[in-house]
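> following is a predicted model, sequence given first.
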Amino acid sequence: MWLAIIISVAITGIWVVQNPEYPIRQGLDLQGGLQVLLEADVPPEQEVTAEQMRTARQIIDQRVNALGVTEPVVQTVDTRRILVELPGLDRPEDAIALIQGTALLEFIDTGPNPLPEGMCVRTTLNIGPSPCEILPDGEMTEEPPTFETIMTGSGLLSAQASATQFGETYVSFLLDSEAGAIFGEFTAANQGNFLTIVLDKQVISSPRINSIITSEGSITGNFTVEEAQRLALQLRFGSLPVPLEIQSVRQVGATLGDLTIQSSVRAGVIGLIIVLLFMLTYYRLPGLLADVALILYAVLNFAVYMALPVTLTLPAITGFLLSTGMAVDANILVFERMKEELRKGASLRESIVTGFARAWSSIRDSNIATLVVCFILWGFGRNFGASAVQGFALTLAIGISLSLFTAVIVTRTFVRIIMGRAYEWIEARPWLLGI
């Protein structure tokens, strides 16, 4: 049974690695990308608290990740600025557009009149001119109409794009109790009218009120799937504790040159070959079987990186290489236990069973301890914006999990099938076991 599972997993891994639909994503240090600097858009004398900036950073991080950007760098630079670094994107303008929508999300009463998407408005929460009233040269546009704000985006608990059984796309949302009471009262008195949604004083949708909404509702329209997903993102992450404006946007090159990358890859390949040769030379036949398992381990790692996907940075590659060493270490524990039993006079069959049984507790405990450390590092990186730490923890955790499969199950299956069919022949040739 295990052999069939191993073959199926190996075929799947090879298929993913060779499939162009699953490319390897490189981090900012390997391929460059987009760098956006945001600053709190408040008067210099107005205090911006550390809690406000921390919350704003977390929301922006959620926005970027919701776009499918893996392992972005989103960190506070000082008390008023946030730096966003995004690895190479197919459409970087999408990320910029989403980050730019950093002001207040509002639901406004527009009565019987829907407003066109993109229209600039004033609201009763307006303080000074609306951002979309100011032209690039600093001049003001024609003064837009003013509408009453019914509720802000802070009352939204969740929003997501969905589809009916007939393929019509819509956006469903959930309100907290306070917002539900406000919405219930307003929608009951204004059925048939329009409740327009604006972000940064710019209309993003203008749906008609068709029913009373107290806790959950939906926004319908002629949405494409992409438009519905974008609206859901704007609803979920549209409200920030402090308004932010984009100070600069620039493309950045890779911090590691092509020569450095090639040298790192070459060093990794040479190191892997040395490990394979060591296992083969020192442990002979068991080492050869472990080498096959180790090659499968490397293939499965890259298959997981491509399928998730995981963005490869230099720290992430370090995590992979470290986990590779631990995968080999598990095999060494098993084989050394086998040698001890053989030297005591046990048969080869008994030595194989005992070797795996006695090594398992050590392998299990060390890997669990490492996974706990990975979890702590991943949480640290997520809370403090240290994405390099996150990337290291993620690839190390993936490698540790896969090594339990390849170093224990795969190697054990190979040993029992290959060596189990020729116990007496191998026992007569102890040099095959490195003894």
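On my side now, so go ahead.
> what about the longest helix anywhere in the chain, average pLDDT?
When every helix of the chain is counted residue by residue (DSSP state H), the longest turns out to be helix 258-307. Helix 258-307 shows a mean pLDDT of 85 in the predicted model.
> quick one: the host helix or strand of residue 369 to helix 258-307, angle?
Assigned by DSSP states H and E, residue 369 falls within helix 348-384. If you take axes from the mean of the first three to the mean of the last three CA atoms, to 10 degrees, helix 348-384 sits at 100 degrees to helix 258-307.
> the residue nearest to residue 186 when sequence neighbours are not counted sits in which helix or strand?
Excluding its sequence neighbours, the residue lying closest to residue 186 (CB to CB, 6 or more residues apart in numbering) is residue 150, at 5.3 Å. (Each C-beta comes from the backbone N, C-alpha and C, glycine too.) Following DSSP H and E, one finds residue 150 within strand 146-152.
> still on that earlier bit, parallel or antiparallel, list what pairs with the helix or strand following the longest helix of the chain.
Proceeding C-terminally, helix 258-307 gives way to strand 311-312 as the next helix or strand, assigned by DSSP H and E. Here strand 311-312 is paired, per DSSP bridges, with strand 25-26 (parallel).
> what about the partner strand, average pLDDT?
In this model, strand 25-26 has a mean pLDDT of 76.
> now for the helix or strand following it, which elements pack on it?
Where DSSP H and E defines the elements, the next helix or strand beyond strand 25-26 is helix 28-31. Packed against helix 28-31, as judged by 3 or more CB pairs under 8 Å, 6 or more residues apart in numbering; DSSP states H and E, are the following elements: strand 81-87.
> you'd agree residue 192 is in a helix?
No - under the criterion used here (DSSP: H, G, I helix; E, B strand; the rest coil), residue 192 is coil, not part of a helix.
> confidence-wise, which helix or strand of this structure is lowest on average?
Least confident helix or strand, the chain: helix 92-100 with a mean of 66, by mean pLDDT, DSSP states H and E.
> would you mind identifying the next helix or strand past it?
Using DSSP H and E, the helix or strand that follows helix 92-100 towards the C-terminus is strand 105-109.
> the residue nearest to residue 186 reaches residue 108, doesn't it?
Yes - contact criterion CB atoms under 8 Å: residue 150 and residue 108 qualify, at 6.5 Å.
> what residues are shared contacts of the two?
Taking CB atoms under 8 Å, 6 or more residues apart in numbering as the contact criterion, the common neighbours of residue 150 and residue 108 are residue 195.
> between those two, which has more neighbouring residues?
residue 108 (24 against 21; other CB atoms under 10 Å).
> show me the domain layout of the protein.
Taking automatic domain parsing as the reference, the chain has its domains at 2-20+256-433, 33-98, 103-239.
> can you put those in a markdown table and add distance to residue 250?
Formatted as a markdown table, the entries for these read as follows, by distance: least, CB to CB, whole Å:
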| stretch | distance to residue 250 |
| --- | --- |
| domain 2-20+256-433 | 18 |
| domain 33-98 | 5 |
| domain 103-239 | 18 |
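> and these, which one is worst for confidence?
domain 33-98 (a mean of 76).
> so how far is stretch 322-342 from its chain's centroid?
The gap between the average C-alpha position of stretch 322-342 and the chain average comes to 33 Å, counting by CA atoms, centre = their mean, to the nearest Å.
> same question for that stretch: list its buried residues.
Buried residues in stretch 322-342, counted by 16 or more other CB atoms under 10 Å: 322-324, 326-328, 330-335, 337-339, 341-342.
> which of these fall in helices?
Per DSSP H, the subset of the buried residues of stretch 322-342 in helices is 322-324, 326-328, 330-335, 337-339, 341-342.
> quick check: angle from the strand holding residue 150 to strand 105-109?
Relative orientation of strand 146-152 and strand 105-109, computed by the same axes, to 10 degrees: 120 degrees.
> elements contacting strand 146-152?
Contact here means 3+ CB pairs under 8 Å, 6+ apart; on that basis strand 146-152 packs against strand 105-109, strand 122-123, helix 177-189.
> how about a cut-off of 10 Å?
Using 3 or more CB pairs under 10 Å, 6 or more residues apart in numbering; DSSP states H and E as the contact definition, the elements that strand 146-152 packs against are strand 105-109, strand 122-123, helix 177-189, strand 195-199.
> give me the residues contacting it.
When contacts are defined by CB atoms under 10 Å, 6 or more residues apart in numbering, strand 146-152 is touched by residues 104-111, 113, 115, 121-126, 130, 175, 178-180, 182-183, 185-187, 190, 195-196, 198, 203, 238-239.
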